[in-house]
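> Structure here, sequence nowhere to be found:
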């Protein structure tokens with residue numbers, strides 16, 4: 001299942017859950033059904049977040065990106081201090097990023 005298909009399935013669960021909670025409130029006022037539906041909808045949201053993070057490779061989003069960027073900058077500074085041409089090194093990094101985006 002692709003991420004797009006999973007997101008569509010999650011959206012269907014969200015809409016069905018909200019609709020069920022509203023209809024149950026109007027028709028029978030059954031707290032058990034409303035709570036169960038709310039919990040299922042909440043779990044679907046958590047699963048969607050987990051799957052999206054796993055597929056995109058960013059479990060903590062931009063925090064992980066910032067940490068990785070800082071590590072790369074430190075390594076670049078170390079290599080430049082050792083005498084590597086900074087322009088060529090940054091060009092290599094740009095090419096690597098582009099290649100990674102296309103995989």
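That came through fine. Model, not experiment: these values are computed from the prediction. Numbering: from 1, shown residues only.

> quick one: secondary structure of the residue of the chain most remote from its centre?
Residue farthest from the centre of the chain, counting by Cα atoms, centre = their mean, is residue 83 at 38.4 Å. The three-state label given to residue 83 by DSSP: H, G, I helix; E, B strand; the rest coil is coil.

> Next: residue 6.
Looking at residue 6 with three-state DSSP, the answer is helix.

> So what's the predicted local confidence for it?
For residue 6, the model assigns a pLDDT of 82.

> for it, what are its contacts?
Residue 6 makes contact with 48, 51 under the criterion Cβ atoms under 8 Å, 6 or more residues apart in numbering. Every residue, glycine included, has its C-beta placed from N, CA and C.

> Against residue 53, how distant is it?
Separation of residue 6 from residue 53 (Cβ to Cβ, to the nearest Å) stands at 12 Å.

> And for residue 81?
Taking Cβ to Cβ, one finds residue 81 at 35 Å from residue 53.

> These two: who's more crowded?
Using other Cβ atoms under 10 Å as the criterion, residue 81 and residue 53 rank with residue 53 on top: 14 against 8.

> does that one belong to a helix or a strand, and which?
helix 31-56 (DSSP states H and E).

> can you tell me how far the residue farthest from the centre of the chain sits from residue 73?
Here the criterion is Cβ to Cβ. By it, residue 83 lies 18 Å from residue 73.
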